[in-house]
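Asks: the amino acid sequence is not available; the structure is as follows:
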């Protein structure tokens, strides 16, 4: 639904931008973390910019449908695309896409980051990540790591974990996170790697045991759980994130106005609280910060795909 707030014209950027409602194209279904992030931030942007912000959900085809829809719009700053680590994965994994995320879009701002976590069953006998690594090295090829579908950030993060840890293990893809949870709890697999948010209730109830987060820093909600790097897996720095971009050719002044509006939203206590309740960490930043996240992830996942011997789709 449109998110509309009437404000004086002084709220508009120099040059009359924005001159009409702003659309955020989201490559995910309504109700998910990406959609809720776009709506929370968009609602505040509407107040700042003095124009309605409309969230347009276009899920499917690994973000291709949404990307094409955004590129078909005029590059005037009134249409944005929600980009994410999944955008970078698709660019690295697919042999051919109808657009190049790194060349056809200009990042506007980061939005939020999401922790990934390695979990096991409390009955597995692994008290810490070092125990799992020691067992994997003593039992080559027997460790299995459950993740959601092939081509997800979580799935490739598990491949990166194997490489960085120097272990011979099998990454087992499931159709969904609930299936990963069921398999780990039932000890059909010895470990799982997924986004922390949906696993947190299972962790808090004691049904799953967290061994490590895969990013460079400890999680805000699990401060006692080490990073994989702290546990000896050197070089592993895998997180999920999302941000906003516009079609290339968008005027720089529009990009700057949008960036300022996004950062104002992410610094607002109410917006931060909404995002943190979804286990998202607000990530204010510049267009250059968002570009570094996108381009860095494309390079990173391209290297992981090559090292893991994953055939491009």
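Replies: Looks like it came in fine. Quantities reported herein were computed from a predicted structural model and do not represent experimental measurements.

Asks: drop to CA atoms for contacts and neighbour counts, all remaining ones
Replies: Fine.

Asks: can you show me the strands along the stretch 151-300 of the chain?
Replies: Secondary structure of the stretch 151-300 of the chain by DSSP state E, counting those that start in this stretch: the strands cover 169-173, 191-195, 209-213, 240-247, 281-282.

Asks: now do the second one: distance to the chain's middle.
Replies: Taking Cα atoms, centre = their mean, to the nearest Å, one finds the center of strand 191-195 at 15 Å from the center of the full chain.

Asks: now for it, which elements pack on it?
Replies: Under the contact criterion of 3 or more Cα pairs under 8 Å, 6 or more residues apart in numbering; DSSP states H and E, strand 191-195 touches strand 116-120, strand 143-147, helix 153-165, helix 177-185.

Asks: how long is stretch 81-88 from one end to the other?
Replies: In stretch 81-88, first residue to last residue: 13 Å (Cα to Cα, to the nearest Å).

Asks: for that stretch, which positions count as buried?
Replies: Across stretch 81-88, burial judged by 16 or more other Cα atoms under 10 Å covers 81-88.

Asks: and of these, the nearest to residue 218?
Replies: Comparing the buried residues of stretch 81-88 against residue 218 with Cα to Cα places residue 85 closest, at 19.0 Å.

Asks: nearest residue to residue 110 in space, please, no chain neighbours.
Replies: Setting aside the residues directly before and after it, residue 110 is nearest to residue 243 in space (Cα to Cα, 6 or more residues apart in numbering), at 4.0 Å.

Asks: and that neighbour, how many residues sit next to it?
Replies: Neighbour count of residue 243, defined by other Cα atoms under 10 Å: 29.

Asks: quick one: it and residue 112 touch, right?
Replies: Yes: when contacts are counted by Cα atoms under 8 Å, residue 243 is listed as touching residue 112 (6.9 Å).

Asks: what sits up against stretch 146-163?
Replies: Contacts with stretch 146-163, where a contact means Cα atoms under 8 Å, 6 or more residues apart in numbering, come from 85-86, 89-90, 93, 116, 145, 168-169, 171-177, 180, 183-184, 189, 191-195, 233, 236, 238, 240, 301, 304-305, 307-308.

Asks: what's the ChimeraX syntax to select whichever of the residues you listed are buried?
Replies: Buried subset of those, written as a ChimeraX selection, criterion 16+ other Cα under 10 Å:
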select :85,86,89,90,93,116,145,168,169,171,172,173,174,177,180,183,184,189,191,192,193,194,195,233,236,238,240,301,304,305
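
Asks: how about the strands of the stretch 151-300 of the chain, which one is nearest residue 24?
Replies: Of all the strands of the stretch 151-300 of the chain, strand 240-247 comes closest under Cα to Cα, at 8.3 Å.

Asks: that closest one packs against which elements?
Replies: Using 3+ Cα pairs under 8 Å, 6+ apart, strand 240-247 is in contact with helix 64-71, strand 79-84, helix 85-93, strand 105-114.

Asks: for residue 311, grab the count of nearby residues.
Replies: Using other Cα under 10 Å, residue 311 is surrounded by 10 other residues.

Asks: many thanks, we can stop here.
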